[in-house]
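Engineer: starting from these lines, generate the structure:
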Amino acid sequence: MPAAAELICGSSKVVDLISRLPPDVFSETCLHILTYLSGLSTGVDAAELSSRLSSSGITVDFGDLQSITRYLLLTFRCAGRQSLSADGLISRLEEGSSRWAKSVLQIIHKLWSEHGAEVKLQQEATGMLSIGQLVDMQWKLGMAMSSDTCRSLNSPYVMVMLKVANPSGQICQKAFEMTIQQFQNLHGQFKEIAAVMETV
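Structural biologist: Here you go, the predicted model:
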């Protein structure tokens, strides 16, 4: 499906979900996404956004929040690739659905007017790349009770947890186990990478 078609074929369900959000929550969600698409943050973490909303006393179903963020990511990304003006974006959205609340469209118009040019530049730059970005890495040492890679029980292992922002902007977590030897090899490779980076 072409990008233009993707942009204007907003699901009525998602439009209804967006229209039910309080204006300040919707504005913060859009700003979170636009900050990422402008290259100023590492990704859109729906879990973190949900946590921030909850701490402000606002409860939004996590699945609904994920649907909203996916739709807004696609919409703003397509608008950036097509170099749409704020008026052009609103026009496309209205063509796609007649269910948009006026206040929602006003927020989108205002934020796209402020951040659209930055998103367009960033989309041009990242259009050539399609790899994920490592956001965070944590590890912990444990004792294996059962494992495919450890030959005997009670062997030490390292659990590695990665947070990766994939090219679509969604942050996902990946976890895997390594033997102590594998982890030491990985550590050595990171040291070599760091030494090379210092010479650049």
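
Engineer: quick one: the helices in the chain?
Structural biologist: Along the chain, the stretches classed as helices by DSSP state H are 3-8, 12-20, 23-37, 46-55, 62-81, 86-96, 102-126, 180-199.

Engineer: how about V160: what's its closest non-neighbour residue?
Structural biologist: In this structure, V160 finds its nearest non-sequential neighbour in W139, 4.9 Å apart by CB to CB, 6 or more residues apart in numbering. Any C-beta I mention is one placed from the backbone N, CA and C, and that applies to glycine too.

Engineer: okay, now that neighbour: neighbour count?
Structural biologist: Each residue near W139 was counted by other CB atoms under 10 Å, and the total is 14.

Engineer: same thing with W112?
Structural biologist: W112 is flanked by 24 other residues according to other CB under 10 Å.

Engineer: quick one: contacts for the residue nearest to V160?
Structural biologist: When contacts are counted by CB atoms under 8 Å, 6 or more residues apart in numbering, W139 touches 158-161, 183.

Engineer: buried subset of the residues you listed?
Structural biologist: In the contacts of W139, burial by neighbour count holds for 158, 160, 183, counting by 16 or more other CB atoms under 10 Å.

Engineer: which members of the contacts of W139 are positioned in strands?
Structural biologist: Among the contacts of W139, DSSP state E puts 158-161 in strands.

Engineer: looking at these, which one is closest to A101?
Structural biologist: Checking the ones in strands among the contacts of W139 against A101 by CB to CB gives M161 as the nearest, at 39.7 Å.

Engineer: pairing partners for the closest one in the sheet, please.
Structural biologist: When bridges are called by DSSP bridges, M161 pairs up with Q138, A175.

Engineer: so it touches M178, yeah?
Structural biologist: No - in this structure, M161 sits apart from M178 without contact. The criterion is CB atoms under 8 Å, and the distance is 11.6 Å.

Engineer: got any ranges where the protein has weak pLDDT?
Structural biologist: By pLDDT under 70, the low-scoring segments of the chain are 1-10, 125-131, 144-153, 167-169, 199-200.

Engineer: quickly list the domain ranges of it.
Structural biologist: As assigned by automatic domain parsing, the chain contains the domains 3-126, 133-199.

Engineer: and those domains, which is most packed in?
Structural biologist: By mean neighbour count, with neighbours taken as mean count of other CB atoms under 10 Å, domain 3-126 ranks first of the domains of the chain at a mean of 17.

Engineer: neighbouring contacts of stretch 161-170?
Structural biologist: For stretch 161-170, the surrounding residues in contact (CB under 8 Å, 6+ apart) are 33, 36-37, 42-44, 46, 69-70, 73, 77, 126, 129-139, 171-175.

Engineer: swap in 7 Å and give it another go.
Structural biologist: 36, 42-44, 73, 130-138, 171-175 (CB atoms under 7 Å, 6 or more residues apart in numbering).
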